[in-house]
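K.L.:
following is a predicted model, sequence given first.
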Amino acid sequence: MSALLKATIAAVKLVAAEEIMPRYLKVAHKHKSDGSLCTDADIATQTALIRKLQAICNVPVLGEEMPEAEQLAIWENAEEGLWCVDPIDGTSNFVHGLPYFAVSVALLREGRSVLGVVYDPVADEMFAAEAGKGAYLNGEKLFGRVTAAAMSESLANVDLKRLSSKLAGTLASTPPYASQRNFGASTLDWCYTAAGRYDLYLHGGQKLWDYAAGMLILSETGGYACCIESDDFASCDIWQRSVIAARSEALFNEWKDWIRAQHATEK
């Protein structure tokens, strides 16, 4: 594990301890223009992360809680790379006391993640990865595990509300898997898939901060991901990227083929 990754992990853990957990179950909230929630904890965490991350590597920081115009400007002018931050992914869970939320930080160069950290401060689980160097869970190598031999036996994480109504209806009425979950924090969903806690993952549309760290963590455990529309995950829209993913190559191919067959009937 490099000094850069160690420093990032330490910064994220410190910010979570100072800015997030003291506000857990105690913070007021408001709705953003897209209907999602934002709290003082989101803003304070993002501000603290910007300061600490730029002390580690002085490149721009793109945060979820920034205005869209500012996010676009940072993305378009980040020649030397950028940090991408989701200060609290799963703010609704955080507000309502559901212990499934995380801090997500990724370092991108030339548009691709080279370092990623996702930290669950309730469970004290730190998922981390560096491109080409593997992934870690609390400092130990994360290899993941495969628990289902076939898609019909698998546990899937599916966000139904961001899928087309037809595909969501089919998944709800005649699912190809054994059981389905969704707990409302995409960054953790990626990591749970990487760890083999979920066999399959499906999401209809994520933004950069939802997948920047988690996708790297999954890929560094040998997992697989693509978009509904394309096998090349990196070529899809960075601000609205669908996800088909699995830890196992066999399950991934079976899952991808099933989703795309359903998607084809909608055209």
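P.N.:
Nice, thanks for sending it over. Numbers count the residues shown, from 1 in each chain.
K.L.:
kindly state the pLDDT recorded for the closest residue to residue 208 other than its chain neighbours?
P.N.:
In this structure, residue 208 finds its nearest non-sequential neighbour in residue 238, 5.1 Å apart by Cβ to Cβ, 6 or more residues apart in numbering. All C-beta spots, glycine's among them, are computed from the backbone N, C-alpha and C. pLDDT for residue 238: 91.
K.L.:
try residue 235
P.N.:
88.
K.L.:
for it, give me its contacts.
P.N.:
Going by Cβ atoms under 8 Å, 6 or more residues apart in numbering, residue 235 touches residue 227.
K.L.:
same check on residue 1?
P.N.:
By Cβ under 8 Å, 6+ apart, the contact list for residue 1 reads 128, 130, 133, 136, 139.
K.L.:
tell me which element residue 218 falls in.
P.N.:
Assigned by DSSP states H and E, residue 218 falls within helix 208-220.
K.L.:
care to break this protein down by domain?
P.N.:
According to automatic domain parsing, the chain comprises the domains 3-141, 151-264.
K.L.:
for these, which one ends up most surrounded?
P.N.:
When you average the neighbours per residue for each of those (mean count of other Cβ atoms under 10 Å), domain 151-264 leads with a mean of 20.
K.L.:
just how off-centre is it within its chain?
P.N.:
The chain centre lies 11 Å from the centre of domain 151-264; the measure is Cα atoms, centre = their mean, to the nearest Å.
K.L.:
the protein: helices as residue ranges?
P.N.:
Secondary structure of the chain (DSSP state H): helices at 3-15, 40-56, 68-76, 91-96, 165-173, 186-195, 208-220, 249-264.
K.L.:
tell me which other helices or strands the fifth one touches.
P.N.:
Just to be clear, that refers to helix 165-173. When contacts are defined as 3 or more Cβ pairs under 8 Å, 6 or more residues apart in numbering; DSSP states H and E, helix 165-173 sits against helix 249-264.
K.L.:
tell me how far the residue nearest the centre of the chain lies from residue 246.
P.N.:
Nearest residue to the geometric centre of the chain (Cα atoms, centre = their mean): residue 187, 2.4 Å. Counting by Cβ to Cβ, to the nearest Å, the gap from residue 187 to residue 246 is 17 Å.
K.L.:
equivalent analysis for residue 89, please.
P.N.:
Counting by Cβ to Cβ, the gap from residue 89 to residue 246 is 21 Å.
K.L.:
check contacts around the closest residue in space to residue 136 that isn't next to it in sequence.
P.N.:
Closest residue to residue 136 apart from its sequence neighbours, by Cβ to Cβ, 6+ apart: residue 128 at 4.8 Å. By Cβ under 8 Å, 6+ apart, the residues touching residue 128 are 1, 5, 8, 9, 115, 116, 117, 118, 135, 136, 137, 217.
K.L.:
gap between the fifth one and residue 5?
P.N.:
Pointing back at residue 115 there. The value you get for residue 115 to residue 5, if Cβ to Cβ is used, is 6 Å.
K.L.:
which residues are common contacts for the two?
P.N.:
Common neighbours of residue 115 and residue 5, counting by Cβ under 8 Å, 6+ apart, are 128, 130.
K.L.:
pLDDT weak spots in this structure?
P.N.:
Scanning the chain for pLDDT under 70 picks out 27-38, 267.
K.L.:
just checking, residue 209 touches residue 63?
P.N.:
Yes: taking Cβ atoms under 8 Å as the definition, residue 209 is a contact partner of residue 63 at 7.5 Å.
K.L.:
next, show the common contact partners of those two.
P.N.:
By Cβ under 8 Å, 6+ apart, residue 209 and residue 63 have these common neighbours: 84, 85, 86.
K.L.:
what pairs with the second one across the strands?
P.N.:
In this case it means residue 85. residue 63, residue 105 (DSSP bridges).
K.L.:
contacting residues for it?
P.N.:
Residue 85 makes contact with 46, 49, 50, 53, 61, 62, 63, 64, 104, 105, 209, according to Cβ under 8 Å, 6+ apart.
K.L.:
alright, calling it a day.
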